[in-house]
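*Asks:* After the sequence you'll find the predicted model.
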Amino acid sequence: MREGKKRKLFEAVIEPYYENVYRFILSQTNDQELAQDLTQNAFEKAWLKLEQLRDTEAALSWLLSIANSEKNLYFRAQNRNKRSLFKETLYDGTELELIDLESNVLELVLLKESKMEAIKALYQVEEKYREVVWLRIIEEMEYEKIAETLDMKEGTVRTRYRRGLICLREEYAKVIGGENCE
């Protein structure tokens, strides 16, 4: 690919997603400087591998996949081996309808006065659930795209999303002082 054409493609298709990638990594690391560094690394890799992008409609998914790999490489290099950065949240087996759970969590995120509390609560959810919930709710990705981005089965994504919503709801109740989320 010619340099000029590559630059135009990168500027038009890739660069607009900088904030999305940054927010995704920040949601995983809770460290602004690290998120900036890893986002920059992801965009450098995207530049080098731009020829591999087959479908410009899937650019965000492709970028988030690169960003996720960069994040994992960083933590492996730090001998953390995918350790959660936050305390593990236990799933107590509470049975809730996914539709009710999702609408309840979405309502919390959309309420201006609850937004910060919802974000704080999300940071308390175990990483494997947090990243799926983030991609589904904040980035509005479909299950199939999340599975592709995180390199896992769609069924696993759905399970982690459901459990993540339950954990988020529990953590939100703790953040707001033990009040019920309903």
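*Replies:* The structure has been received and is ready for your questions.
*Asks:* Domain map for this structure?
*Replies:* By the assignment in automatic domain parsing, the chain contains the domains 3-77, 98-175.
*Asks:* Serialize the ones you listed to CSV and add fields for mean pLDDT and mean neighbour count.
*Replies:* Every C-beta, even on glycine, is put in place using the N, C-alpha and C of the backbone. Compiled in CSV, the domains of the chain are given as follows (pLDDT from 0 to 100; neighbours: other CB atoms under 10 Å):
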stretch, mean pLDDT, mean neighbour count
domain 3-77, 90, 16
domain 98-175, 80, 18
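*Asks:* quick one, helices of this protein?
*Replies:* For the chain, the helices defined by DSSP state H occupy 3-9, 18-29, 32-48, 59-77, 98-110, 115-124, 127-133, 143-150, 154-175.
*Asks:* measure the closest residue to V132 other than its chain neighbours to Q124 for me?
*Replies:* In this structure, V132 finds its nearest non-sequential neighbour in R160, 4.4 Å apart by CB to CB, 6 or more residues apart in numbering. Distance from R160 to Q124, counting by CB to CB, to the nearest Å: 16 Å.
*Asks:* same thing with Y161?
*Replies:* Going from Y161 to Q124 by CB to CB gives 17 Å.
*Asks:* and if you look at V21?
*Replies:* The gap separating V21 from Q124 is 23 Å, by CB to CB.
*Asks:* Likewise for L135?
*Replies:* Applying CB to CB, the value for L135 to Q124 is 18 Å.
*Asks:* And A147, by the same measure?
*Replies:* Separation of A147 from Q124 (CB to CB): 24 Å.
*Asks:* likewise R169?
*Replies:* According to CB to CB, R169 stands 11 Å off from Q124.
*Asks:* cool, A59 as well?
*Replies:* For A59 relative to Q124 (CB to CB), the value is 31 Å.
*Asks:* same check, this time on Q40
*Replies:* Distance of Q40 to Q124, computed by CB to CB: 27 Å.
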